[in-house]
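Asker: Just the structure for this:
(one chain, ligands or ions: 1)
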Amino acid sequence: MAVVARTDLAFQQCVAPSCAATFGVEEVLTACPVCGSLLDVAYDWNRLRPPTSFEVFERKWMRRGDPLAFSGVWRFHEFLPYAPRESVVTIGEGQTLLAVSDGVGAYVGMRPGRLHLQYEGLNPSGSFKDNGMCAAFTHARMIGARRAACASTGNTSASLAVYCAVTRLMRGIIFIGSGKISYGKLSQALDYGALTIQIAGDFDDAMARVKEVSGRLGIYLVNSVNPFRLEGQKTIMYRVLEALGWEVPEWIVVPGGNLGNSSAFGKAFAELKALGLIQRVPRLAVINAAGANTLHELYTRRGLRWGGGRADLAPACHYYDELDRDKRRADTIASAIEINRPVNLTKCLRALETCDGVVREVSEQEILDAKAQVGAGGLGCEPASAASVAGARQLVAEGVIGRDERVVCILTGHQLKDPTATVAYHTTDQKLFNEVLGSRGVSRASHANRAVSVGNRIDEIVQAIDLYG
Ligand code: F0G
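Answerer: Numbers count the residues shown, from 1 in each chain. Below you'll find the model as predicted:
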């Protein structure tokens, strides 16, 4: 494993500018062996000669019989050209939707036509993770891996499990914290046949263990410390641009957990700008749940910045020490983002610098109210996804986002991922409400759509319908 001047078209590179060591794409790495920082997949764009206009991608719409043109990820293969065509793994991911929602827009405080929802729940496993999983599987196939593992709050594991089940390329092993995963997501991993290891701990513990175990046993790790995974997640932004006629919106708003998405989005825009395909980048808003708010704490309160790659990470180390000292654990109804030690922190700081970003935190109440509004607008989502909408609302109220600006909120996961939170919000059963939500400080369900209980009698049923109008 040597640090060499690269002659290859695609390679891995340490994100720390002071190190910038490079490695071949055939190496399996989750951190820089020289300095321990995260790695990027980097390209020699001068020699690769990527498209000089976006039209080439539109032409692929006519070739939907070709799996690589059909995939919403591999349609953009020219922007993630680390694998030969024959190694590419696809199960039809990325058939997602960008929808204008005036209902949700009004809730957020935007003028009509300005709020867009990028609905990633339409992916094969019901979340955005499939964008990255097909990219990681492609790399795994290139290097001949036979087993893959991840730690997960539920969606990465569902995605890993479905790619294993469909492609039969690898055996899937997933690590989850005990009692920390919604049934919708757990049921996917079990149904698709992945080895499911429930460890006594939370996501942060599971993440630490899976890194150790996969290193020791030589198992391919598909968490977002795997730089190839994030290459796939860049394509969410390409599809957003595609749906907007290749115009750059003013804002991208995304929930922040392990910070893979935000990191990937920043890289996508930095590359497009460097290639001259866009003239400006959008602003990026990353939204934490208040119960898992490391990024907000470090970025907004303690002023941690990328600083052109010279980030002093001491505040992060201090913060993690404080968490340990006070035995504070991430805790939120948005279980997908219940993470206190985001593995992509530095890359996300870089993305925030690229995109003049902001970070906010939203309460459980704000998340659930926003989620109900998203559902009422017709695109249901899980609690973590609604953090983006709740965050956008906060930023409009602050005047940071203008009511006329074009905003894209990423809905990261499908509504059916976590039915417990949804039913508890809409329920008439006070005990259930208290158990699931009241215990988390949620005091009201202002946007609840309550079921109406009637006797088994026509007149009562008719009366209920009449009252509904
Ligand atoms: N939204 C959903 C629905 C998620 O599942 C996740 C992450 C995020 C947002 C946060 O994205 O990590 O890129 O900042 N879920 C991971 C998992 C951690 O294991 O499924 P991020």
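Asker: Can stretch 280-300 be said to contact the ligand?
Answerer: No - Stretch 280-300 does not reach the ligand (Cβ under 6 Å from any ligand atom); its nearest approach is 7.7 Å. The C-beta positions use only the backbone N, C-alpha and C, and glycine is treated the same way.
Asker: Quick check: end-to-end length of that stretch?
Answerer: 24 Å (Cα to Cα, to the nearest Å).
Asker: For it, what is the distance to the chain centroid?
Answerer: 13 Å (Cα atoms, centre = their mean, to the nearest Å).
Asker: Okay, buried residues for it please.
Answerer: Within stretch 280-300, the residues scored as buried using 16 or more other Cβ atoms under 10 Å are 281-299.
Asker: likewise stretch 197-210?
Answerer: Buried residues in stretch 197-210 (16+ other Cβ under 10 Å): I199, G201, D202, F203, D204, D205, A206, M207, A208, R209, V210.
Asker: check contacts around the residue nearest the centre of the chain.
Answerer: In the chain, the centroid-proximal residue (Cα atoms, centre = their mean) is N261; its distance is 4.4 Å. Contact partners of N261, counting by Cβ atoms under 8 Å, 6 or more residues apart in numbering, are F128, Q233, I236, V254, P255, I410, T412.
Asker: mind running it again at 7 Å?
Answerer: Residues near N261 by Cβ atoms under 7 Å, 6 or more residues apart in numbering: F128, Q233, V254, I410.
Asker: Between those residues, which sits nearest D326?
Answerer: V254 (28.3 Å; Cβ to Cβ).
Asker: For that closest one, which non-adjacent residue is closest in space?
Answerer: Nearest residue to V254, sequence neighbours excluded (Cβ to Cβ, 6 or more residues apart in numbering): I410, at 4.5 Å.
Asker: What helices and strands are in contact with the helix or strand containing the one you found?
Answerer: Element membership of I410 [criterion: DSSP states H and E] is strand 407-411. Secondary-structure packing of strand 407-411 (3 or more Cβ pairs under 7 Å, 6 or more residues apart in numbering; DSSP states H and E): strand 115-119, strand 251-255, helix 383-398.
Asker: Sheet-wise, list the partners of the second one with their directions.
Answerer: Partner strands for strand 251-255, per DSSP bridges, with pairing direction: strand 283-289 (parallel), strand 407-411 (parallel).
Asker: In TSV: the ones you listed, plus mean pLDDT and distance to G441.
Answerer: Shown next, in TSV, are the strands paired with strand 251-255 (pLDDT from 0 to 100; distance: least, Cβ to Cβ, whole Å):
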stretch	mean pLDDT	distance to G441
strand 283-289	99	12
strand 407-411	98	24
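Asker: Which one of those lies nearest to E86?
Answerer: Of the strands paired with strand 251-255, the one closest to E86 (Cβ to Cβ) turns out to be strand 407-411, at 31.6 Å.
Asker: one step back: just say which of the helices and strands packed on strand 407-411 is most tucked in.
Answerer: strand 251-255 (a mean of 29; mean count of other Cβ atoms under 10 Å).
Asker: Show me what counts as buried in stretch 327-343.
Answerer: 329-343.
Asker: what does stretch 64-77 give?
Answerer: In stretch 64-77, counting by 16+ other Cβ under 10 Å, buried: A69, F70, S71, G72, V73, W74, R75, F76, H77.
Asker: Return the subset of those lying in strands.
Answerer: Taking DSSP state E, every one of the buried residues of stretch 64-77 sits outside strands.
Asker: Counting only helices, which of those residues make the cut?
Answerer: Taking DSSP state H, the ones among the buried residues of stretch 64-77 that sit in helices are A69, F70.
Asker: Pull the number of nearby residues for G36.
Answerer: Neighbour count of G36, defined by other Cβ atoms under 10 Å: 10.
Asker: for the residue nearest to the centre of the chain, phi and psi?
Answerer: With angles defined as degrees, to the nearest 10, N261 sits at phi -60, psi -50.
Asker: cool, T52 as well?
Answerer: According to degrees, to the nearest 10, T52 has phi -100, psi 0.
Asker: ok, so what distance separates it from the ligand?
Answerer: The gap separating T52 from the ligand is 30 Å, by Cβ to the nearest ligand atom, to the nearest Å.
Asker: Quick one: neighbours of that residue, just the number.
Answerer: 10.
Asker: I'd like the distance between it and S127.
Answerer: Plainly put, T52 is 33 Å away from S127 if you go by Cβ to Cβ, to the nearest Å.
Asker: And A451, what's its pLDDT?
Answerer: A451 carries a pLDDT value of 93.
Asker: just A2 next, same as before
Answerer: Value for A2, per-residue pLDDT: 42.
Asker: got a markdown table for the buried residues of stretch 64-77, with pLDDT and distance to I367 too?
Answerer: Listed next are the buried residues of stretch 64-77 as a markdown table, based on pLDDT from 0 to 100; distance: Cβ to Cβ, whole Å:
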| residue | pLDDT | distance to I367 |
| --- | --- | --- |
| A69 | 97 | 37 |
| F70 | 97 | 34 |
| S71 | 98 | 31 |
| G72 | 98 | 27 |
| V73 | 98 | 28 |
| W74 | 98 | 33 |
| R75 | 97 | 32 |
| F76 | 98 | 31 |
| H77 | 98 | 36 |
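Asker: just curious, which of the buried residues of stretch 64-77 is nearest to the ligand?
Answerer: Comparing the buried residues of stretch 64-77 against the ligand with Cβ to the nearest ligand atom places V73 closest, at 15.5 Å.
Asker: Where does L352 sit: helix, strand or coil?
Answerer: helix (DSSP: H, G, I helix; E, B strand; the rest coil).
Asker: Name the nearest residue to it, ignoring sequence neighbours.
Answerer: L284 (6.2 Å).
Asker: Then A285?
Answerer: V253 (4.4 Å).
Asker: one step back: so which of the buried residues of stretch 327-343 comes closest to the ligand?
Answerer: Using Cβ to the nearest ligand atom, the buried residues of stretch 327-343 come closest to the ligand at A336, 3.4 Å.
Asker: Look up the pLDDT of the residue lying closest to that closest one once chain neighbours are set aside for me, please.
Answerer: Leaving aside its chain neighbours, A336 sits nearest to A384 (3.6 Å; criterion: Cβ to Cβ, 6+ apart). On pLDDT, A384 comes in at 98.
Asker: OK, contacts around A384?
Answerer: Per Cβ under 7 Å, 6+ apart, neighbours of A384: P255, G257, A334, A336, I337, T412, G413.
Asker: at 10 Å instead, please
Answerer: Residues in contact with A384 (Cβ atoms under 10 Å, 6 or more residues apart in numbering) are 127, 153-155, 255-257, 287, 289, 292, 332-338, 367, 371, 411-413, 417-418, 421.
Asker: and the stretch 151-300 of the chain, which residues reach the ligand?
Answerer: Going by Cβ under 6 Å from any ligand atom, the residues of the stretch 151-300 of the chain near the ligand are 152-156, 224, 255-261.
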